[in-house]
Structures are given as C-alpha cells and as structure tokens.
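[1] take this sequence and fold it.
(3 chains)
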Amino acid sequence: MSEMEEVKVGVTWQHLVATALATGAAALLAIYAVIIAPVAPFPGVSGLYLAAAIYVPLSLWLGLWGCIAGYFSCVILGFVSTPFGAVSLIWSLADFVEGLIPLVAFRLMKADVDIGKDLQRKKELYILLAVLVVNLIIASFATALNIPILWLINLIIAIILIIGMYILNPSKSWLLYVIFGIFGAAIGSALIGIAVPIAFGFGSWDAFWVGVIGWFAGDLIVLSAIATPMMVYLTGRIKQTSVYVENWFS
Amino acid sequence: MTRLHPVTKLALVFILSIISLILPNILDVIYLLLFDFILIILTKVPIFSKGFRKVIIGFLLANVSIFIAWFFFSQEEGNITFFETTIVLIRNKWEWHILISDQTVYKAASISLRAITMFFLMLFMFVAISDRDLIHGLRSVKVPFAICLIISMTFRGLSMFQQEYFIIKEAMMTRGVEFDKTSIPKKIKNFISIFIALIILMFKRTEEMSASIEARGIPMRSKNRTVYHYYPMKKKDFFIIFLLLAFLVYSIYLNIVKGSFLFSIIGLFL
Amino acid sequence: MAPIIKFKDFSWKYKTSKDLVLKSINININQGEFVGIMGPTGAGKSTLCSCINGLIPLRTRGWIRGSVNVFGMNTREAKMHELGKRIGLIFQDPESQFIMMTVEDEIAIGLETLSLNRNEIEERIEWSLKLVGLKGYEEKSPDELSGGQKQRVAIASIMAMRPEILILDEPTSDLDPQGKREIFKLLESIRKKFDLTIILVSHDTKKIMQFCNRVIIIDNGEIKFDDETSQLSSNIDLLNEFGIYYPISSLKYQESSDLKLEKGHIEQKPLIKASNLSYTYPNQTQALKNVNLEIYPNDFIAIIGKNGSGKTTLIKHFNGLLKPQQGEVLLKEETITQYNISQIAQTIGYCYQNPDHQLFKNTIREEIEYGLRNLKFHEHEIERRYNQIIELLDLKKFEEVYESTFYLSKGIRQRLALASVLVLEPDVLIIDEPTTGQDFRMIEEFMKILKDLHERGHTIIIVTHDPRVIAKYSKEIVILDDGKLIQKLPTSEFLKNKELQDIAAYISP
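    Prediction:
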C-alpha cells in the first residue's frame, strides 16, 4: 500500500443522516418497548426499558451523533408515551448521558469499541457479568438503605469480579465496557432520569432512591443482557460500514 | 388556526407547556386546560376516533401512575390524613410508610392536570402542524438547512422503519414465532431479534440515503440557497408570539410571588 | 475532443476492504456517449460510478492511486456540490433515494442549491414531472408510490437539475417489465433531447445492446472489455466467461427446459385452494377481487403481473399472514384460519425479496436453527435437519470461512434465507422475486437449487418479473391483473400468447 494515498473524510451528510435515522429507529423501538413491558413504577417509565439497550451501542458506533440520536429519540418517546410533555426536553438528558459516559471513557482511553473481537471464555464472562449485575443491584439497595457494611462488601465483590473478568479475557475494551458502558451508563442515566421528573413535581423526593434503584436495576439488566450481545455481534459489522465514527464526530 | 405560521403554532405549544408547569395556582392551570380544549375544537382534532381514543386512554393510564408515585412514595403531611400505614420496616432504620393526605392528593392532582394540559397541547400540535409544514416553517425562519433536513429525515425514518418493523415481524411469523399468545420474556426475546435486524437496515439505509443527498450536490451550508416553500411570518404571528412571551414572563413572576394569573386579571378590572 | 471523463491508472481500496476494489482503471468517455457497464456482482461497477461523481474519494474513506478527471477537474480537488450539479447519479433502490416527504419537495431540494428563484424552481418541477409522466403527483408521499414511480421521481429530481452526465446504477432491477420499459424509453428520449452522456450499469444484456453504443465489462476490479456494443454481441464466449446472459427467445428457453407440464392434475387434491378470495387494505385499496385458484402438489408456478396487481397479497393469504375478508383459503382441505402459526410455518415456507428482512441471527447455524428452536424441535432432530440443509444448499464452506452472516454477499444471504425456511421441511415454498439485483450466474445457481427441490417433491411458487425464470423454470403461469386472476395456464401456452403477455407486462428475454 506504499504507493497508495489514504483518504480521510470529515463530517459529511452520512453523519447527519445517521443521526436522523437512528433517532427514528430508536424512538420507534422505545415506543414499542413501552407497549411490550408497560410496568410503570414511575410515571411513563417502562419497568424494562428495552430501548436503553440501543443508546450505549449507538454512541460507541456513531460517537456524539449517537448520543444526540439517543437524546432526541427519548424526547419523542417522552412526548408520545409519557405524561412529561415539555419536561421531556430535559428528562431526555438521561439518555444523552447514558451514551456519553461510555463514549468519553472509550475515546479518552483510546480503546477499541469492538468488545467482541478475540473475546475469550465467553460463557464464563457472561456468568461473571450476571453475578456482577446482581451484586450491583444489591449495592444500590445498600446505598438507599444506608447500610455501609453491605455496600463495602458489594464493592469488594465487584472489584474481585472485575479482576476475574480481566483474567479470563484480558481486554481493555471489555473492562471499560463493563465499568462505563454498563455500570457508569446505568447510574448516570438513573440519577438524571429520576431527578428531573421529581424536580418538576411528577413524584416526591421521598421516592428518589426507589426510582433510582428501579431505573438503575432495569438499565443494568437491559445493558448487560441486550446491549452486550448486540455490541459483541454487531460492532465488527458496523465498523465495516462507512457510517462508523472513530472519534467524536467523524 | 391553520393560517398561523407553523413556528407560531410550535411556540404556542411549547410556551404554554412551560407556563402550565410554572403557574403556581391550580385554577389557572384549569383555565389553561380549557383553552387547550378550545384549540382542540378549533383544529377539529378527532379525539373520539378509534386511534385517538386509544392514545388518550393510554395517556390517562400513564397519568394514573403519577398518583401511584405520590400515594405510595411520598410523605406530604397535610390538614387531613386520608390513609396512613407502614408496609415495611427494616432494622428500625428504613421504612416504607404510606401517607395519603390532602396535600398528597393536591400535589398529585396538580401535576396530573399540568400533564394533561401539556398532552392536549401535543395533540393539537400533531394535528395542526403537518411534518411538511413544520420543515418549511422552520426553513422560512432561517433555521439551518441541515437541521431542517435532519428533522425531515427523522420523520421519513419513523415511517420507513415502521414498515420495516412489520415486514420483519411477519418474516419471523413465517418461521413459527408467535407474537400474540406468548409470555413477556418471549416477547422481549422476539423484540430483540427485530431490534437487531432493524439496526442493520438502519445502517444500510444511512449509506444509501446520504449517497443520494451527496449525489445531488446538496451542501450542508450554502449562503445562496433558495427556500422554495417560503412562509413569511405575518403581523398576527409576531403579535401572538409577543403575547405568549409576555404571558411566560408574567407566569415566572407569579411563580416567584405565588400569585394567580386569573385573580390578578380580575384585580385589574376591579 | 478531450474526454469528459478520464480515469488514469486509477485504483481504489475502501478503508474496510481487504483488497483493491478497482485496479489500475483506464477509461476515457466522450461527450454524448451512452456507455453500458456490466459485470458480475461485486465486480466494482457501483464503485466505478461513485468515482465519477466524486463520492469516492470526497466522501468515502479509503486508499487511492491515480486520478479521475471529470470536466477537466480532478475529483480529489473538486467540490462535491460542484460535481453534483453537473453529474446526476441514480441508484438501484428507489426507496433509499427518497429523502423528503413529498414528490415536489424531493425535486425542489436539489434545485434550491442552484440558487434559482422560486418561479424557476416551480417551472423545473413541472417540466421534470411531465418528462417522467408524473404530472399531478406533486403532493404524493413516497408511501403512495410504486417502485417504478419512485424511480421516475428519482430521475425527475436529477433531470430537473439539468446535469451533463447521467449515471444510472441498476435503475430498473426493482421494477416490473413495464416499469423497466418505461424507464428505458425515457432514457432514450432524454438522451436524444439533451445530448447527455449516459452511463448505465445493468445486468439486462438486451437493454444494454439495444441502447448503448459502447460496453465496458468489469470483473474483479479490472476492465475486461471496452469496445463498441456490436463487438460484444458477436462474442458469446466472452459473455459466457463473465456470466452475462445472452438474450434468446422465450421459446428457446422453454425448449431447453425439462419442466414441462406433461399431464394435468388428474385425481389430485389441491394443496392450496383459494375460493372467491377478496381483500381490501385499510386504505381502501382492493388488492384481490374474487380470486379462485388451486395449487397442486409438486407444482412449479410463476405468479406474474404488473406492480400492484395483487401478487404479494395473494401469497400472504397462502401462509396465513393475511386473513381472507371474503371467500376462503383452504390448506390441505382445511380452512387456513384453523391452523396456528407453527403449523403453517411447517407447511408453507416463505422467502422474502430482501433477505435482510428475514435474517436475525449472527451465525449461519443459529439462523438455520432459529425456526426449529421456535417450534421446539428436539436437539437431535435439529442437528439432523441442519446437517441435511447445509449440505443440500452448499453452505458449509461459508460457515467455515465467515464468522457472521453479516459478512455474506447478497446471493449467499438469499441462499441462507432459503435454507432457514427449508429446514422446516414445508410442502410448499413461496419465493418472492428471487432474482432482483442478482447477476446471471447467481440467478442460475439459485434456480437450479429450486429445480432440485421441485424434483424432490416440493411445490414451488415464485413471484417474479424475470422472463428468463418464467420461460425456463416454471411449469405453469398464474396471471394477476388489478386484483383479478386472469388465467392459469401452462407456460408453453403462455409464451405463445401475446395478449396474455401484454396483460402480465411480460417481455421476452
């Protein structure tokens, strides 16, 4: 390839079209997810917010365009399927942040988003991931109930599990994904997603932690059970397309 | 109503939505809701049609969850306590205590009314502003072309993927997948399969549609781009927007002083 | 006269491809030429087109060597919108080219960038719609248009910009024969009127030979032939070498076919029977009007007709995706509504036109096993059927090479889609437009598989516009027009009946 010259391209219509179509697709999936699992411990929030599974992959595939698509798709969902109305414009920051946290982690650490590449000991990894999810849910209860000892135990277990995962599959990408793509994304979006409706009066601050635990647990489950296999299976294919964003915007 | 500029209608919806959230007096919200119904009647929104009935019922059910959130997860003490009990008490440190007082009911009803007000404003928006008018309206007020095209393509994407969703769902049925008579975990599993197929299609369509735009030589930014469908804002549009902004400012003031819009208007005349 | 398009030792590799996609291309195209580009799928035809209008390299990441000059401008240094104003490119899929919500807006959006005033834009919209025969369609949305109409809108939107070069990348592969004929007639008249330079990528040898004065054959990224059309038509060996079919008459196809309807369905009970079947869609379109049809075991039927004649609506009744509103459909003498989804799936297999609509899994194995697992088959039965199918459809080598189904070519994905349906061992296979966008070689391979399946006892129903498939493979033809069943007759009789061919929009290959 020494005679050939590399062609690089900046932001093009492809990125804007991807944002538009991703918004449309994510909004549609979000609306159908609310119909399929309409459990609502909190107004308008589906107990199993399936569409959350797409926000992290979209941001890792499309950079900040994916975060923007996640935001606007949530705005559409907010208007169509929840009582939040105009509050959706602020509430949807929860989904923007959900994509932003892992994106920032991957870009700053210059890690490959293809977590499925050379993935080793897949079955054992998924088992450890499931245990970690349960552990984190218990940790969230410990936080809400103010039981520091339980919280500390969970923290130690979480660290051991993460080290265990790294030993099974020594991959920076996988580690970053678990810490920021699952845990970080879930906690970030849960805090904003519950605080905003309460701040506007859709619930009481007494319900804050209950809401956060519910949202956090739901997102953890969805991100680990749905987003993770999607990332593993699809990222390699998406990287082959010209739409894939290597940096922040292009 | 239809002769108003699309941007004016949009401003009406968003500014009134914000106002419905910040007006402190619930009576003012009720009057705003009545104004909503006038808008609905003027624009002939078919609220009794099958489709709209479903949407309205769905929304009202979602609204019930506001009451659930307040009744089961708040501790608002008031003058009258309707119901009080402790459901769970853990280690004398944490308890799930239910307290339903007049304040709880008031706050839940208050936010619920505001949500209903915003909802009917949304309904008005969906009927009174077609997606095409919205795009042309935004372009006429110099919203950047790229943003307008993104909005247009989002609408296009919604309709396109809805069709694709049903085709994929049908294709799964031909492979023996039951969608109706099945458990929620199975529904979720099926949903994921559709999810994956839609994502792949989305990326394909992105490549194709963006190539189509580029192939027509459409730049993202252009100083001399003509706006073919030009809807100029008229005096009445500016007047209405001015009124809305004035109302918004006044609502902010009322929120600070905890006053009432209605009573202040009555006070002006008395 | 200097050529207006000049490729000089041009090579291109996409960022994500392993090898060069175009290798040392040298082509000169002059003003006014009508050039046909042919070659097998994956040869580099579309890439070549994208190099002319600047999509490559201005908007595509990759590696480049050599140069492409258009109107004297090196495409690497030109501005995309400057090239776009003078070069029009029309793609294969009419759905993906429609970016706006109405026909009028679709045409206007390109014209707005030309800084024309509103009156001029209005005039050009009217002119271009008249040119493509769609005057009065200004307010229609893409959902209301057929594939052919969408493609004509695409042509109108490009022609409104008055390009000097027009590139069409397989513009008719999604259209019925009538639609194809209309597009080519239009192209011919446009070329004569405006002295355009036209570059046409197509698998349709007949059309290429009829309209183009020059043909370029590309294979594996290299130019294999570049000469006048007359030189190609006398070189059958070359056509065969690149898997390009040479048009012969329908009757000759029939003669080469051994699928002849030798005897009628004496004493046989129909497998599928539609009686007085009518169906109207929610938008009030009556898609089927009192259709009566019987399909017998081991039939090989082609259902043909113009776009919108009711073909897809009819076959969706056979596999229970649509319920009859009037009349009934019997499957093995029982009303189809008595069957549940899993029973129908094991009796009627349905392959979609676009395989991407029915591939949901990551690996070939998972995809083939998907239906069996939904129907809760035992593991040993799943394994047995899987091994049988993968052998039958020659998919084993792809399973070993490709980790994921997403990396397979369209032809192999289509075969995989067939495998995933066939593994359920249905009595009937319904295939919707199996040849769209495929080159001749791939079509022949796929049809051979269907022919083998037919010989094994499967009933095959194909919805197709492809005259080669109709003439060579089908035993019987069912003609639909405007929701009505016109006739069901042996293929050999159909091929002699010009009147019925016109109704069915059939054009001899």
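[2] please count neighbours and contacts with C-alpha atoms only from this point.
    Fine.
[3] average model confidence for the helix or strand A:Val17 falls within?
    Element membership of A:Val17, judged by DSSP states H and E, is helix A:13-36. Across helix A:13-36, the average pLDDT comes to 85.
[4] ok, stretch A:176-183 next?
    The average of the pLDDT scores along stretch A:176-183 is 93.
[5] and for that stretch, what's in contact with it?
    Among residues not part of stretch A:176-183, those counted as contacts by Cα atoms under 8 Å, 6 or more residues apart in numbering or on different chains are A:56, A:99, A:101-102, A:105-106, A:115, A:219-220, A:223-224.
[6] so what are the sheet partners of the top strand by length along chain B and their directions?
    The strand that spans the most residues within chain B, counting by DSSP state E, is strand B:81-90. Sheet pairing of strand B:81-90 (DSSP bridges) gives strand B:94-101 (antiparallel).
[7] next, see if the very next helix or strand once past the strand it pairs with gets close to chain C.
    The helix or strand immediately downstream of strand B:94-101 is helix B:102-128, counting by DSSP H and E. No: when contact is scored as Cα under 8 Å from any Cα of the partner chain, no part of helix B:102-128 falls within range of chain C; the minimum is 15.9 Å.
[8] buried ones in helix B:102-128?
    Residues of helix B:102-128 classed as buried under the neighbour-count rule (16 or more other Cα atoms under 10 Å in any protein chain shown) are B:102-105, B:107-125, B:128.
[9] likewise for stretch C:13-25?
    Of the residues in stretch C:13-25, C:13-15, C:20-25 count as buried by neighbour count, 16+ other Cα under 10 Å.
[10] now, which of those sits nearest C:Ala419?
    Within the set of those, C:Val21 lies nearest C:Ala419; the separation is 29.9 Å, counting by Cα to Cα.
[11] so what's the closest one up against?
    With Cα under 8 Å, 6+ apart, C:Val21 has these contacts: C:11-14, C:43-44, C:47, C:220-221.
[12] just B:Phe73 next, same as before
    Residues touching B:Phe73, when contacts are defined by Cα under 8 Å, 6+ apart, comprise A:203-204, A:206-207, B:96-98.
[13] got a winner among these for most neighbours?
    If you count neighbours using other Cα atoms under 10 Å in any protein chain shown, the busiest of those is A:Gly203, which has 30 neighbours.
[14] thought that residue was touching B:Phe72?
    No: in terms of Cα atoms under 8 Å, A:Gly203 does not count as a neighbour of B:Phe72; the distance is 9.9 Å.
[15] can you point out the buried residues in stretch C:227-234?
    Taking 16+ other Cα under 10 Å as the neighbour-count basis, stretch C:227-234 is seen to contain the buried residues C:228-229, C:232.
[16] look up phi and psi at the residue positioned nearest the centre of chain A.
    A centroid search over chain A (Cα atoms, centre = their mean) returns A:Val56, at 3.8 Å, as the residue closest to the centre. Here is the backbone geometry of A:Val56 (degrees, to the nearest 10): phi -70, psi -50.
[17] now do it, the pLDDT please.
    According to the predicted model, the pLDDT of A:Val56 comes to 93.
[18] ok, the one 3 residues further on next?
    Model confidence at A:Ser59, given as pLDDT, is 96.
[19] quickly check: the helix or strand harbouring it near chain B or not.
    Taking DSSP H and E as the criterion, the element that holds A:Ser59 is helix A:52-62. No: looking at helix A:52-62 against chain B by Cα under 8 Å from any Cα, there are no contacts, and the closest approach is 8.9 Å.
[20] who are the packing partners of that helix?
    For helix A:52-62, the contact count by 3 or more Cα pairs under 8 Å, 6 or more residues apart in numbering or on different chains; DSSP states H and E identifies helix A:13-36, helix A:64-81, helix A:93-108, helix A:208-222, helix A:228-240 as packing neighbours.
[21] circling back to that earlier point, what is the nearest of the contacts of stretch A:176-183 to B:Ser49?
    A:Asp219 (36.2 Å).
[22] the closest residue to chain C within the stretch 1-150 of chain B: what's it in contact with?
    For the stretch 1-150 of chain B and chain C, the shortest gap (Cα to the nearest Cα) falls at B:Arg132, measuring 6.9 Å. Listed by Cα under 8 Å, 6+ apart, the contact set of B:Arg132 reads B:152, C:101.
[23] am I right that it is in a helix?
    Yes: secondary structure of B:Arg132 (DSSP: H, G, I helix; E, B strand; the rest coil): part of a helix.
[24] and which of the buried residues of stretch C:227-234 is nearest A:Gly78?
    Of all the buried residues of stretch C:227-234, the one with the least separation from A:Gly78 (Cα to Cα) is C:Thr229, at 59.8 Å.
[25] what domains does the record give for chain C?
    Structurally, chain C divides into domains by automatic domain parsing as follows: C:5-247, C:253-503.
[26] what about residue 101, neighbour count?
    Here I'm looking at chain A. When neighbours are defined as other Cα under 10 Å, A:Ile101 has 23 of them.
[27] looking at chain C here, not the other one
    A count of neighbours around C:Met101, defined by other Cα under 10 Å, yields 19.
[28] surely it meets B:Ile151?
    No: contact between C:Met101 and B:Ile151 fails when scored by Cα under 8 Å: they sit 11.1 Å apart.
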